[in-house]
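Q: Here's a sequence, model it:
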Amino acid sequence: MSYVEVPGAKVPIRMWADPATVEEGAMQQLRNVSTLPWIKGLAVMPDVHFGKGATVGSVIAMHGAVCPAAVGVDIGCGMSAVKTSLTANDLPGDLSRLRSRIEQAIPVGRGMHDDAVDPGRLHGFPTAGWDDFWGRFGGIADAVRFRRERATKQMGTLGSGNHMIEFCLDGEGAVWLMLHSGSRNIGKELAEHHIGIAQKLPHNQGVIDRDLAVFISDTPQMADYRNDLYWAQEYAKYNRAIMMALFKDVVRREFKKAKPVFEQEISCHHNYVAEERYDGMDLLVTRKGAIRAGAGDYGIIPGSMGTSSYIVKGLGNELAFNSASHGAGRRMSRGAAKRRFTVRDLEEQTRGVECRKDSGVLDEIPAAYKPIEQVMEQQRDLVEVVAKLKQVICIKG
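A: Predicted coordinates:
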C-alpha cells in the first residue's frame with residue numbers, strides 16, 4: 001500500500017497502516033505529537049502501536065528540538081544479522097545442545113558476564129574506537145556514572161522482553177545468525193534521567209502530554225542529552241557486535257568440521273536519533289520502532305518467536321523520511337497476552353522451533369503480534385525483500 005494521510009493534523013501524518021486498525025490510544029498519541037511547535041512531519045509505520053508518550057512505529061522529524069520519548073527508553077535498540085556458509089544439511093536433528101551452548105556464551109534476561117568481555121580476544125571483532133568509547137563514559141550524566149561496572153559486565157548480553165537470539169534458515173536453506181538487543185540498563189537509566197529533566201523545563205509546561213517534553217537546540221540540556229544519547233546508541237551497537245562475535249564463536253566450535261564462513265554483518269538501530277536533511281532543512285529525526293530505509297540501506301524486520309523475519313533493502317522513500325517498520329509490532333499488551341493464551345497455545349504456535357515454551361515467555365507468543373506478512377505488504381514502497389528467514393532456534397531472556 002501507499003500511505004494515507006491523517007486528516008485534521010497540524011503537520012502531515014503519513015500512515016503506512018490502516019487507521020481503522022490502529023487503537024485509539026495510539027491515534028491520539030500521533031495527534032498529540034503533531035501539536036508540538038517544532039515538528040515538521042510524522043511517518044507512521046505499519047507496526048504502529050501505543051507507547052510511552054510517542055507511539056512505537058513512528059518517525060518524527062523536528063527542527064531545532066528533540067523529544068526523548070520519541071526515541072524510546074531502550075536507546076539504540078536494534079538488530080544484527082549475518083549469513084553463514086552453513087546450510088540446513090549441516091544441522092543436527094536435536095538442536096537443544098546448540099541452544100544450550102549459545103545460552104552459556106551469552107547471558108540472557110537480567111544476567112551479565114562475570115567479568116567484562118575483552119573484545120581483543122574475540123575473533124575478528126573490530127576494536128578500533130573501543131578505548132575512546134569507554135573514555136567518554138566519564139562525560140555522561142552523573143546519575144549513572146556509578147553504574148560503570150554493571151555497564152561493562154552487561155556489554156554483550158541479551159536482556160529480556162522481545163529481545164532474542166535466533167538461528168535461522170532462508171528460502172535456499174542457508175543458515176543465518178540474528179539477534180535483537182539494545183543499550184541494556186545503562187541506556188534505560190540515561191533515557192529516564194533526561195526525560196525527567198525535560199519535563200521540568202519551562203517551555204514544556206504547556207505540552208499536551210508531559211511525556212512529550214522536548215529539548216531545544218543551543219541549550220545546555222540539549223547538549224547534555226545528545227552527548228549521552230549518542231554514547232548510549234554506540235553502547236547498543238557494541239553490545240550487539242560483541243554478542244554476534246560470541247555467537248559466531250559458538251558456531252565455529254559446534255560446526256568445526258564444516259568450517260563456517262560468515263558474510264558481512266547487517267546491523268541497524270530502530271530506537272535512535274539521526275541528523276538528516278529534507279526539503280532543504282536540517283532536521284532531527286527520531287525513529288522509535290523504525291529502521292532507516294534510505295536507497296540501498298540494508299535492514300532487518302523480525303516477526304515473532306514463531307514466524308518469519310525479513311532482510312530488506314531500503315527504497316529511499318522520502319515521504320516516509322527514508323524509514324520502514326522495525327518488526328511486526330504488538331497487537332495486544334503483554335498483560336492481555338498472558339490472560340488470553342496458555343502455555344499449550346505457545347507450544348502450538350512455536351512448533352518446530354527450539355525455544356522456551358513456558359509461562360515466562362507467554363507474553364511473547366506469536367499471536368500477540370501483528371501478522372508479519374501483512375506488515376510487509378503495507379510497506380512495499382518502503383523496502384524490497386532480500387531474504388525471508390525462519391528460525392529453528394529462538395532464545396529469549
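
Q: buried ones in stretch 349-359?
A: For stretch 349-359, the neighbour count (16 or more other CB atoms under 10 Å) marks 349-350, 353-357 as buried. Any C-beta I mention is one placed from the backbone N, CA and C, and that applies to glycine too.

Q: now stretch 192-200
A: Neighbour-count burial for stretch 192-200 [16+ other CB under 10 Å]: 193-195, 197-199.

Q: Scan this protein for its longest strand.
A: Secondary structure of the chain per DSSP state E: the longest strand is strand 383-396.

Q: In the sheet, which strands lie alongside that strand, parallel or antiparallel?
A: Here strand 383-396 is paired, per DSSP bridges, with strand 164-170 (antiparallel), strand 308-314 (antiparallel), strand 354-355 (parallel).

Q: Contacts for the first one, please.
A: In other words, strand 164-170. 83, 88, 95, 98-99, 102, 106, 108, 158, 175-180, 243, 247, 302, 305, 309, 387-396 (CB atoms under 8 Å, 6 or more residues apart in numbering).

Q: Would you mind writing the CA trace of that strand as PDB?
A: Output of strand 164-170 as PDB, limited to C-alpha atoms (Å, rounded to 0.1, in the frame of the first residue of the first chain):
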ATOM      1  CA  MET A 164      16.100 -12.500  21.100                       C
ATOM      2  CA  ILE A 165      18.900 -14.600  19.500                       C
ATOM      3  CA  GLU A 166      18.000 -16.800  16.600                       C
ATOM      4  CA  PHE A 167      19.400 -19.400  14.400                       C
ATOM      5  CA  CYS A 168      17.500 -19.100  11.100                       C
ATOM      6  CA  LEU A 169      17.200 -20.600   7.600                       C
ATOM      7  CA  ASP A 170      16.400 -18.700   4.400                       C
END
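
Q: on that earlier part again, tell me which residues in the longest strand of the chain are buried?
A: For strand 383-396, by 16+ other CB under 10 Å, it's 383, 387-396.

Q: need the residues you listed in a markdown table with pLDDT and distance to Tyr225, can you?
A: Putting the buried residues of strand 383-396 into a markdown table (pLDDT from 0 to 100; distance: CB to CB, whole Å) gives the following:
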| residue | pLDDT | distance to Tyr225 |
| --- | --- | --- |
| Val383 | 98 | 30 |
| Ala387 | 98 | 37 |
| Lys388 | 98 | 38 |
| Leu389 | 98 | 36 |
| Lys390 | 98 | 40 |
| Gln391 | 98 | 36 |
| Val392 | 98 | 41 |
| Ile393 | 98 | 38 |
| Cys394 | 98 | 35 |
| Ile395 | 98 | 33 |
| Lys396 | 95 | 31 |
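
Q: Can you get me the start-to-end distance on stretch 77-93?
A: 33 Å (CA to CA, to the nearest Å).

Q: buried ones in that stretch?
A: Result for stretch 77-93 [16+ other CB under 10 Å]: buried residues 77-84, 86, 91.

Q: What ranges does the chain have for its helices?
A: Applying DSSP state H to the chain gives helices spanning 24-34, 96-105, 130-135, 142-145, 148-154, 184-200, 220-254, 334-340, 343-349, 372-377.

Q: Format these as JSON lines; extra columns: mean pLDDT and distance to Val56.
A: Output for these, formatted as JSON lines (pLDDT from 0 to 100; distance: least, CB to CB, whole Å):
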{"stretch": "helix 24-34", "mean pLDDT": "94", "distance to Val56": "8"}
{"stretch": "helix 96-105", "mean pLDDT": "98", "distance to Val56": "27"}
{"stretch": "helix 130-135", "mean pLDDT": "94", "distance to Val56": "28"}
{"stretch": "helix 142-145", "mean pLDDT": "83", "distance to Val56": "24"}
{"stretch": "helix 148-154", "mean pLDDT": "95", "distance to Val56": "23"}
{"stretch": "helix 184-200", "mean pLDDT": "95", "distance to Val56": "14"}
{"stretch": "helix 220-254", "mean pLDDT": "97", "distance to Val56": "17"}
{"stretch": "helix 334-340", "mean pLDDT": "96", "distance to Val56": "13"}
{"stretch": "helix 343-349", "mean pLDDT": "98", "distance to Val56": "22"}
{"stretch": "helix 372-377", "mean pLDDT": "97", "distance to Val56": "13"}
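
Q: wait, which of those helices is closest to Ala69?
A: Of all the helices of the chain, helix 184-200 sits nearest to Ala69, with 6.2 Å by CB to CB.

Q: Just want the angle from that closest one to helix 220-254.
A: Per axes from the mean of the first three to the mean of the last three CA atoms, to 10 degrees, the angle that helix 184-200 makes with helix 220-254 is 160 degrees.

Q: what packs against helix 184-200?
A: If you count contacts as 3 or more CB pairs under 8 Å, 6 or more residues apart in numbering; DSSP states H and E, helix 184-200 packs onto helix 142-145, helix 148-154, helix 220-254.
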